[in-house]
Every structure is written in C-alpha cells, then in structure tokens.
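A.B. asks: Pasting the sequence and the predicted coordinates here, then a few questions.
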Amino acid sequence: MSAPALPTIPQPTPWEGLLRLDGKCAVVTGGSRGLGEATVHRLAQAGAAVVFTGRGEEALQRVKD
C-alpha cells in the first residue's frame, strides 16, 4: 500500500491580484499622514476612488499628488 500523496503548495498570487477595488469608492478619515496616508495610497493602487480627509491643506495636497 502506498502513502497518500502530499498536497501541493499553490503558487503565490501576485500582489496586484490580492486586492482589486475597481469601481468601488473608499472614504478614509485621517488620510493626510501615517497609517491613514498609507491606506489612501493602497486603496488607490487597488483601483478604488478614494475620498480622504485630514489636517492641513498642504498635507492633503501632498497625499493627493
């Protein structure tokens, strides 16, 4: 009697395919710095339209750019 076959390890999913938000809208408060800013950038990379708030017009403009 032979041993049962071991399960195969799946190939990793490319980062771009893990989170796709095309056609979705996200709202981020505190998006002008820190974790909020990182969240704004990642959601935008995933294809979402992002509305974000934060303190200071200059900081908000920097994140937008």
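C.D. replies: All right, it came through fine.
A.B. asks: Show the subsequent helix or strand relative to the worst-scoring helix or strand of the chain on mean pLDDT.
C.D. replies: Least confident element among the helices and strands of the chain, by mean pLDDT, DSSP states H and E: helix 15-18 (a mean of 68). Downstream of helix 15-18, the next assigned helix or strand under DSSP states H and E is strand 25-28.
A.B. asks: Please tell me how far residue 12 sits from residue 18.
C.D. replies: For residue 12, the distance to residue 18 equals 10 Å [Cβ to Cβ, to the nearest Å]. Where you see a C-beta, it was placed from the backbone N, CA and C, and this is true even at glycine.
A.B. asks: what do you get for residue 39?
C.D. replies: 15 Å.
A.B. asks: These two: which is more packed in?
C.D. replies: Between residue 39 and residue 18, residue 39 has the larger neighbour count (other Cβ atoms under 10 Å), namely 17 against 9.
A.B. asks: The more buried one: what's its closest spatial neighbour, skipping adjacent residues?
C.D. replies: Leaving out its chain neighbours, the residue that sits closest to residue 39 by Cβ to Cβ, 6 or more residues apart in numbering is residue 28, at 5.3 Å.
A.B. asks: For the one you found, name its beta-bridge partners.
C.D. replies: Beta-bridge partners for residue 28, by DSSP bridges, are residue 52.
A.B. asks: Perfect, that will be all.
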